[in-house]
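Student: Just a sequence and a predicted model for now, questions to come.
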Amino acid sequence: MHGALGRLLFNGQNYKDAVQELNLAEQLAPDSREYNMLLAAALLGSKRYGVALNFLHIVQPRFEQYPEFHYSLGLAYYNLAQFTKAKDEFEEALRLDPNLDRAQFLLANCVASEGDFSKAADILRRLIGTHPKNVIYWTTLGDVLRQAGPENRPEALRACHRALALKPGDPHTQFVLATILLDAGDFAGARQLLERLEKLSPNELEAHVALARVYARMGHPELARQEKEIVDKLQKSEEGEERQ
């Protein structure tokens with residue numbers, strides 16, 4: 001009963017209550033692969049990354065032969081910004097199950113965090129080959145190629161336009177595309193995207209930072225000043241939330 005209710009709550013993204021039920025289920029059936037892995041996933045879903053990490057280390061002797069164990073452990077490390085350890089776990093998950101696309105995606109991000117943008121792009125290209133309709137995979141490829149250097153800009157632009165064709169108006173894709181245009185010196189194009197994004201997500205800090213840069217480069221110091229004031233307010237608000 002606890003396991004079934006925990007699964008139902010998990011599927012409804014009610015991770016906090018799912019953790020309670022799955023914890024009871026795991027205590028009653030400590031060798032259950034399903035309940036232990038669901039509990040780990042619920043802890044990760046509720047952003048209790050340190051707790052998830054400790055739990056996974058405890059149950060590792062019983063479940064380390066399964067790919068989802070290493071994926072969850074990698075995800076815990078990833079969200080704690082321990083990218084080298086996360087990379088090792090995603091590689092092990094893929095050794096056990098080469099078809100785990102989320103593990104491939106996060107492995108690419110880990111590789112990019114190490115500065116190997118070429119290798120990360122190769123992983124993402126292969127991933128898109130098998131999942132051509134996944135917007136975030138296309139957008140991330142565009143962002144990785146942007147960081148790889150200006151010679152990759154045409155492919156980066158194509159990747160972002162492909163993502164927008166799949167999901168018009170996607171805020172994250174618009175931001176990545178605007179950043180590529182900004183790097184290319186297309187300030188008018190970047191401005192159009194960022195102003196649209198500002199209306200969609202008025203509290204998106206990075207969009208305001210980029211827009212301030214665009215206004216400054218286009219010779220609009222008053223508009224740039226207004227954006228910097230918004231940035232200061234958002235940063236103070238974030239600092240206040242962290243202290244709480």
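Tutor: Nice, thanks for sending it over. Keep in mind that this is a model prediction, so the values were computed, not measured.

Student: can we go C-alpha only for contacts and neighbour counts from here?
Tutor: Will do.

Student: give me the low-pLDDT residue ranges for the chain?
Tutor: Scanning the chain with the threshold set as pLDDT under 70 gives 240-244.

Student: Determine the longest helix present in it.
Tutor: Of all segments of type helix in the chain, defined using DSSP state H, the longest is helix 221-243.

Student: That one - contacts with which helices or strands?
Tutor: In this structure, helix 221-243 packs against helix 205-217, with contacts taken as 3 or more CA pairs under 8 Å, 6 or more residues apart in numbering; DSSP states H and E.

Student: Could you figure out how far the helix it packs on is turned away from helix 221-243?
Tutor: Angle between the axes of helix 205-217 and helix 221-243 is 160 degrees (criterion: axes from the mean of the first three to the mean of the last three CA atoms, to 10 degrees).

Student: Now do the helices in this protein.
Tutor: Assigned by DSSP H, the helices in the chain fall at 2-11, 15-28, 33-45, 49-63, 67-79, 83-96, 101-113, 117-130, 135-148, 153-166, 171-183, 187-200, 205-217, 221-243.

Student: If you count neighbours, what's buried in the longest helix of the chain?
Tutor: The neighbour-count check on helix 221-243 (16 or more other CA atoms under 10 Å) flags Leu223, Ala224, Glu227, Lys228, Ile230, Val231, Leu234 as buried.

Student: And for the last one, nearest residue in space, chain neighbours not counted?
Tutor: It stands for Leu234. Spatial nearest neighbour of Leu234, chain neighbours left out: Leu205 (6.6 Å); criterion: CA to CA, 6 or more residues apart in numbering.

Student: Is that neighbour in contact with Asp232, as I believe?
Tutor: No: the pair Leu205 / Asp232 is not scored as a contact, 9.3 Å apart, by CA atoms under 8 Å.

Student: In TSV: the buried residues of helix 221-243, plus distance to Leu28.
Tutor: Formatted as TSV, the buried residues of helix 221-243 follow (distance: CA to CA, whole Å):
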residue	distance to Leu28
Leu223	61
Ala224	60
Glu227	55
Lys228	55
Ile230	52
Val231	50
Leu234	46
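
Student: Between those, which sits nearest Ala52?
Tutor: Lowest distance from Ala52 to the buried residues of helix 221-243 (CA to CA) belongs to Leu234, with 30.1 Å.

Student: The closest one and Leu106: what is the separation?
Tutor: Leu234 sits at a distance of 29 Å from Leu106 (criterion: CA to CA, to the nearest Å).

Student: Provide a list of residues in contact with the most centrally placed residue in the chain.
Tutor: Most central in the chain under CA atoms, centre = their mean is Leu106, positioned 8.0 Å from the mean C-alpha point. Shown in contact with Leu106 (CA atoms under 8 Å, 6 or more residues apart in numbering): Lys87, Phe90.

Student: Now do the contacts for the closest residue to Ser32 other than its chain neighbours.
Tutor: Spatially, and ignoring its direct neighbours in sequence, Ser32 is nearest to Glu26 (6.9 Å; CA to CA, 6+ apart). Neighbour list for Glu26: Gly3, Ser32, Tyr35, Asn36, Leu39 [criterion: CA under 8 Å, 6+ apart].
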